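**Q** Give me a 3D structure for the following:
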Amino acid sequence: MRLAQTLVAIAVGLSAATAGAAEPALVLEGKIPLGKVSGRIDHLAVDLQRRRLLVAELGNDTVGAVDLRTMTARTLEGFREPQGIGYARSTDEIYVANAGDGSVRILAGEDLAPKGRIELGDDADNVRIDASASRVFVGYGKGALAVIDAPSYRKVGDIPLKGHPESFQLDPATGRAFVNVPDAGHVAVVDIASARQLAAWQVPGLRSNFPMAIDNDGGQVFVAFRRPAKLVVFAARDGTVVNTLDLCDDSDDIFFDAPRHHLYASCGAGAVDVFERGPQGWAYRERIPTVSGARTSLFVPELDRLYVAVRASGREPPALWVFRPAP
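**A** Model (predicted):
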């Protein structure tokens, strides 16, 4: 009788422990092979209408077009170190920024055929789309955001900066852009209409600010620094530092998951760090292992998935790892 009671107690205890175990913040759901792709992989974009991911395969001088329905990839050739990429739904076109020749190549969304080319001259990098104004913004050169009129394929202006821009985010409600300028050691706040810098946010002791995300509704800007590896949360209204948290090394992308109040930061050290916002502010939640060098990613809220770009290595073939956030 005592043995039976003991076994029941153990079973109940194990059941309770299992029920109480928290599900990981991100669950690896699958891997989509990218084919014969070598070298560094840079940023990603999504064409939701076609369920297609677009991958800037910088080290391979190609762009990958990944069909999420069939889990297959097509490789587009003829680029020169593609870094930034964006899909403009209003014109059904893809913008690819090339570091190697400073060009922005435009592809048709329908068949991925070339449609145009804009010469920026030097180190074309991150791409952002302002659908409401039919404008495309591209960071480039020694310090500027190029403003491109999407319907006419013309550069219609420059927003000058004090160094080469890395990640940047647009805030349509206020008409501002927040720009990481690591060479100048600050986050630039610019007025888009006047092309004028309004402020420079600095954090003493922190350098190499590359990734950035924004919560427009919550009024916060998230910046990842590499030296040392820190996540800094700024108040968007005035640049006040709200939180500073430890971060995985060599971060290159960060995304805000609004429904869960989570942040996902992908790092070349081989991890995705997850942070969550609670009553006391932001806190570290969990580190999800990936592969060394897998530092770029894309969170697609409409599909509720995080896609992490894994370059070819001795351990893994080139692929997109698909993570499902926990409920």
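
**Q** what is the most centrally placed residue in the chain paired to in the beta sheet?
**A** Residue closest to the average C-alpha location in the chain (C-alpha atoms, centre = their mean): Asp253, at 3.9 Å. Beta bridges link Asp253 to Ser266, judged by DSSP bridges.

**Q** I'd assumed Pro211 was in contact with it.
**A** Yes. With contacts counted by C-beta atoms under 8 Å, Asp253 reaches Pro211, the gap being 5.2 Å. To be clear about C-beta, it is placed using only N, CA and C from the backbone, and glycine gets the same treatment.

**Q** which residues are common contacts for these two?
**A** Ser167, Ala265 (C-beta atoms under 8 Å, 6 or more residues apart in numbering).

**Q** dump the residue contacts of Thr72.
**A** Taking C-beta under 8 Å, 6+ apart as the criterion, Thr72 is in contact with Ile32, Val66.

**Q** And for Val27?
**A** So Val27 contacts Phe323, Arg324, Pro325, Ala326 (C-beta under 8 Å, 6+ apart).

**Q** Give the bridge partners for Arg52, please.
**A** Asp47, Asp67.

**Q** now do Asp273
**A** Under DSSP bridges, the beta-bridge partners of Asp273 are Ala265, Arg287.

**Q** Kindly tell me how buried it is, as a neighbour count.
**A** Here the number of neighbours of Asp273 (other C-beta atoms under 10 Å) works out to 25.

**Q** next one: Leu112
**A** Counted with other C-beta under 10 Å, Leu112 comes out at 16.

**Q** one step back: is it possible to export the contacts of Val27 to CSV including distance to Gly163, secondary structure and pLDDT?
**A** As requested, the contacts of Val27 are arranged in CSV below (distance: C-beta to C-beta, whole Å; DSSP: H, G, I helix; E, B strand; the rest coil; pLDDT from 0 to 100):
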residue, distance to Gly163, secondary structure, pLDDT
Phe323, 33, strand, 98
Arg324, 38, strand, 98
Pro325, 35, strand, 98
Ala326, 39, coil, 94
